[in-house]
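1. The amino acid sequence is not available; the structure is as follows:
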């Protein structure tokens, strides 16, 4: 049996997709973005170093975009040296944004306050 992905419609109907169909669909979407925005040649990619962001970046590059990966450190346990190395190998560059202080001071404080606004 070939690997597949299941999705569900809003009505709850399950659809089974082959991995090739998913890849082709994502690539077609990347190509349509290139035609919808002909002046855009470079795109920023939120890059975690995982499979999803790497595949999306590769598909965008294959569709003709210059991909600029950006990884954001908010204090999670990630190997940013490895992330940067892999991104540089795939795309030629990578920026690591250190947002730990901002995240702690703003987002965590908001979570503690239950994001109460008056």
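-> Now that the structure is in, tell me what you want to look at. Everything numeric here is computed off the predicted structure, so don't read it as measured data.
2. hey, let's count contacts and neighbours off CA atoms from now on
-> OK.
3. mind listing the helices in the chain by residue range?
-> Secondary structure of the chain, counting by DSSP state H: helices at 19-36, 51-62, 80-91, 100-102, 109-112.
4. Could you point out which of those sits nearest residue 8?
-> helix 19-36 (14.2 Å; C-alpha to C-alpha).
5. Most tightly packed of the helices of the chain?
-> Mean neighbour counts were taken over the helices of the chain using mean count of other C-alpha atoms under 10 Å, and the top value, a mean of 18, falls to helix 51-62.
6. what's next to that helix, contact-wise?
-> Here helix 51-62 makes contact (C-alpha atoms under 8 Å, 6 or more residues apart in numbering) with 26, 27, 30, 31, 45, 46, 47, 66, 67, 69, 90.
7. Closest one of those residues to residue 18?
-> Where the contacts of helix 51-62 are concerned, and distances follow C-alpha to C-alpha, residue 18 has its nearest neighbour in residue 26, at 12.5 Å.
8. And the pLDDT for the closest one?
-> Residue 26 carries a pLDDT score of 81 in this model.
9. Give me the longest strand you can find in this structure.
-> If you go by DSSP state E, the chain has its longest strand at strand 66-73.
10. Now do that one against helix 51-62, angle only.
-> Here strand 66-73 runs at an angle of 160 degrees relative to helix 51-62 (axes from the mean of the first three to the mean of the last three C-alpha atoms, to 10 degrees).
11. No further queries at this time; thank you.
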